[in-house]
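In: let me see the structure of the following:
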Amino acid sequence: MRVLILRPIAPNERFGLGPFFRIEPLGAEYAAAALEAAGHDATVYDLRFSPPLPRLLARHRPDLVGIAGPHTLDTTEVLSVARRVKVAAPEVFTLAGGHAVAVHPSAFEDPAVDAICFEDGERVVPALARALTHGEPLERIPGLLVRADRRDPSCRTYVSGPSSSQRVGLDEVPLPARHRLKSSHRHYLCVQRRPVYLVETARGCPYRCSFCSVWQHVDRTYRCRSIDWVCRDMASVGENVFMADDLFWHPAERSAELAREVVKRGIRKEWILVQSRTDLVARHPELLEAWRPAAGQIDVFFGFEAPTDTGLQDLSKDSGVDDIRRAVAHCRRFGYGITGNFIVDPLWGQEDFERLWDFTAHLGLDHVGFTILTPLPGTAFFESMKGQIRDADWSHYDMHHILWEPRIGRERFFALFAETWRRTALRVKDRRGMWSYLRQVRPAQIPFMINVLRRSRRLFDRRAYLAEAFPVDAPLTFQSVVPGEGFEPS
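Out: Next up is the predicted model:
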């Protein structure tokens, strides 16, 4: 089959962190690799950097179009792309997939979406292509919801296939088919680093943070790719690498073995970014030492989340502020860069913000970020909070918008939130903060970086947040529902 896989335009390009953090569509590249291995013709486009959709459809004349929804904020755009495909080519079969789709499939039940993938695409998408090729019943495919009557353009009823007995092993499919991506990698960046490549060594998370949908979707399971496959993937990409794992360095013994093999094979990058937990690093400083030879610079993104033990307990973080201090100390000892993120709760008062300011000042970090506590679909937190949500715009689930009125009112809340950014993030009152980024940028990239840093100033302006907020008199977003039927924005 001719298959077109599309990554929609992310709405946070306009407001939020989109300009600072653009990553390649790795999930789409994995699906393309699985399709290619099964003999199908798969092409991947990132619509942020591609010709217009009608031109792509005319050029490739696909039988199947897959649309990736990696984040909740992409929901509306996924549906928009599906509808535009159906207008231009009604006969084309449309599939929605990706993490946001899998954790909350009911949001994608739309006449323009012929099927919804709720399991790993590396297995589901080739099975769908095979069934479409041979005229096999689609409702028998594990991990797939299929629209009951494709001939009825108004049908919103879906038939569910069975769930797979076990999850996809990460070595079951080839390495990501980056050659199938038609966008240049120069578009992908992490602040001052570009191009950036995404490498995955594992999936899942065994922890239970209340705000996270990853562990709840995979039932706290964790799957690792083989050491050899990871090394081959790392060796095949460029000098700037973002390790896509939600929990890098876990499990510790396997991570140490992987580090030894990376060093043994002479794989060394200019820059590596990883995501991990503070308690893991606090307990295993030897892993930082083992990985240090792998790159000239290694940065760690930590979810600090809260400045107090009570705040961390409220988020089911299963770690404490002492872990934060110890992790920071270990990173400094081995020359790792540190970026920490804190979650700001709309229930906070001024005293909570002041505790956060004191703690960030105590840590003395140059790079700190702040996000607003957001109930993401696929979490128990979403289920408990949906009765309070008043913002029906899925693109606002980007952790930079409020979804209900803050306890101290939006005016005061955003004044304190913007002040939090001004006090700490990017050291905007100190020219050294700008130069700490620019000195790592190639001369040709300096104009781009200056533009990014200029756009970042919206994060420090309370008026920008207020302009983005839902109307004061907005009704509740989610109506009463019958248990098990999902939710529909009003």
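In: helix or strand for D233, just tell me which one.
Out: For D233, the element it lies in under DSSP states H and E is helix 227-236.
In: looking at stretch 130-149 now, give me its mean pLDDT.
Out: Here stretch 130-149 scores 96 as its mean pLDDT.
In: start and end of that stretch, how far apart?
Out: In stretch 130-149, first residue to last residue: 20 Å (Cα to Cα, to the nearest Å).
In: what are the buried residues along that stretch?
Out: For stretch 130-149, a neighbour-count test (16 or more other Cβ atoms under 10 Å) marks R130, A131, L132, L138, E139, I141, G143, L144, L145, V146, R147 as buried. In this view, the C-beta of every residue, glycine as well, is placed from N, C-alpha and C.
In: what's the last one in contact with, if anything?
Out: Taking Cβ atoms under 8 Å, 6 or more residues apart in numbering as the definition of contact, the neighbours of R147 are P111, V113, D114, A115, C155, R156, T157, Y158, V159.
In: number of nearby residues for the last one?
Out: Looking back up the chat, that one is V159. 15 (other Cβ atoms under 10 Å).
In: wait, M234 sits on V241?
Out: Yes - counting by Cβ atoms under 8 Å, M234 touches V241, with 6.7 Å between them.
In: between the buried residues of stretch 130-149, which is nearest L288?
Out: Nearest to L288 out of these is G143 (Cβ to Cβ; 37.5 Å).
In: wait, isn't the closest one in contact with D120?
Out: Yes - counting by Cβ under 8 Å, D120 is a contact partner of G143 at 7.3 Å.
In: and stretch 241-259, C-alpha only, in CSV?
Out: Presented in CSV, the C-alpha positions along stretch 241-259 are these (Å, rounded to 0.1, in the frame of the first residue of the first chain):
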residue,chain,number,x,y,z
VAL,A,241,21.0,13.7,20.6
PHE,A,242,17.9,13.8,22.8
MET,A,243,17.4,10.4,24.5
ALA,A,244,13.6,10.0,24.3
ASP,A,245,13.2,7.8,27.4
ASP,A,246,10.9,9.2,30.0
LEU,A,247,13.2,7.7,32.7
PHE,A,248,16.8,7.6,31.5
TRP,A,249,19.3,5.5,33.6
HIS,A,250,16.6,3.0,34.6
PRO,A,251,17.2,0.2,35.3
ALA,A,252,20.6,1.0,36.8
GLU,A,253,22.5,-2.2,35.9
ARG,A,254,21.3,-2.1,32.3
SER,A,255,22.2,1.6,32.0
ALA,A,256,25.7,0.9,33.2
GLU,A,257,26.1,-1.9,30.7
LEU,A,258,24.8,0.4,27.9
ALA,A,259,27.2,3.1,28.9
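In: ok, back up a step: just the buried members of the contacts of R147?
Out: Judged by 16+ other Cβ under 10 Å, buried ones among those: P111, V113, D114, A115, Y158.
In: which members of those residues are the farthest-apart pair?
Out: P111 and A115 (12.4 Å).
In: which residues in the stretch 51-200 of the chain form helices?
Out: With helices called from DSSP state H, counting those that start in this stretch, the stretch 51-200 of the chain shows them at 53-60, 75-88, 99-103, 121-134.
In: highest mean neighbour count out of these?
Out: Neighbour counts (mean count of other Cβ atoms under 10 Å) averaged over each of the helices of the stretch 51-200 of the chain peak at helix 99-103, with a mean of 23.
In: re the thing from before, can I get the buried residues of stretch 130-149 in CSV with distance to R22?
Out: CSV is the format used below for the buried residues of stretch 130-149 (distance: Cβ to Cβ, whole Å):
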residue, distance to R22
R130, 33
A131, 34
L132, 32
L138, 34
E139, 37
I141, 32
G143, 28
L144, 30
L145, 30
V146, 33
R147, 32
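In: so which of the residues you listed are in strands?
Out: Mapping those onto strands (DSSP state E) picks out L144, L145, V146, R147.
In: could you identify the most distant pair in those residues?
Out: Across these (Cβ to Cβ), the longest gap, 10.7 Å, separates L144 and R147.
In: can you list residues touching both of these two?
Out: Joint contacts of L144 and R147 (Cβ under 8 Å, 6+ apart) are A115.
In: what about the nearest residue to G18 once chain neighbours are set aside, distance to Y188?
Out: Distances taken as Cβ to Cβ, 6 or more residues apart in numbering put N12 closest to G18, at 3.8 Å, once the chain neighbours are dropped. Going from N12 to Y188 by Cβ to Cβ, to the nearest Å gives 15 Å.
In: so where's the stretch 201-350 of the chain shaky on pLDDT?
Out: Within the stretch 201-350 of the chain, not a single segment meets pLDDT under 70.
In: what segments of it are helices?
Out: 214-217, 227-236, 252-264, 278-283, 285-291, 309-314, 321-333, 350-363.
In: buried deepest among these, which one?
Out: By mean count of other Cβ under 10 Å, the helices of the stretch 201-350 of the chain have helix 278-283 as the most buried, with a mean of 21.
In: chain center to that one: distance?
Out: In terms of Cα atoms, centre = their mean, to the nearest Å, the gap separating the centre of helix 278-283 from the centre of its chain is 23 Å.
In: how about it as PDB, C-alpha atoms only?
Out: These are the backbone C-alpha positions of helix 278-283, laid out as PDB (Å, rounded to 0.1, in the frame of the first residue of the first chain):
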ATOM      1  CA  THR A 278      16.100  13.100  41.000                       C
ATOM      2  CA  ASP A 279      15.900  10.200  43.400                       C
ATOM      3  CA  LEU A 280      17.400   7.800  40.800                       C
ATOM      4  CA  VAL A 281      20.400  10.200  40.200                       C
ATOM      5  CA  ALA A 282      20.700  10.700  44.000                       C
ATOM      6  CA  ARG A 283      21.100   7.000  44.500                       C
END
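In: show the pLDDT at D63.
Out: pLDDT, D63: 98.
In: now do R439
Out: 59.
In: try S436
Out: Per-residue pLDDT puts S436 at 55.
In: show me this structure divided up by domain.
Out: 2-160, 182-468 (automatic domain parsing).
In: and those: which comes nearest L170?
Out: Set against L170 and scored by Cβ to Cβ, the domains of the chain come closest in domain 182-468, at 4.2 Å.
In: ends of that closest one, what's the gap?
Out: OK, domain 182-468 end separation, Cα to Cα: 33 Å.
In: quick revisit: which one of the buried residues of stretch 130-149 is nearest to E419?
Out: Distance to E419 across the buried residues of stretch 130-149 (Cβ to Cβ) is lowest for L145, with 45.3 Å.
In: and the closest one, what does it touch?
Out: With contacts defined as Cβ under 8 Å, 6+ apart, L145 is in contact with P105, E109, A115, I116, F118, Y158, V159, S160, G161.
In: so which other helices or strands are in contact with the helix holding D233?
Out: strand 197-199, helix 252-264 (3 or more Cβ pairs under 8 Å, 6 or more residues apart in numbering; DSSP states H and E).
In: what's the angle from it to helix 252-264?
Out: If you take axes from the mean of the first three to the mean of the last three Cα atoms, to 10 degrees, helix 227-236 sits at 50 degrees to helix 252-264.
In: show residues contacting helix 227-236.
Out: 170-171, 175-176, 178, 199-201, 225, 241, 254, 257-258, 261-262, 265, 267, 269.
In: pLDDT score assigned to P443?
Out: At P443, pLDDT is 68.
In: please apply the same query to D430.
Out: 48.
In: from the ones in strands among the buried residues of stretch 130-149, pick the one nearest M399.
Out: L145 (27.6 Å).
In: how near is the closest one to L95?
Out: L145 is 10 Å from L95, by Cβ to Cβ.
In: do the same with L247
Out: 29 Å.
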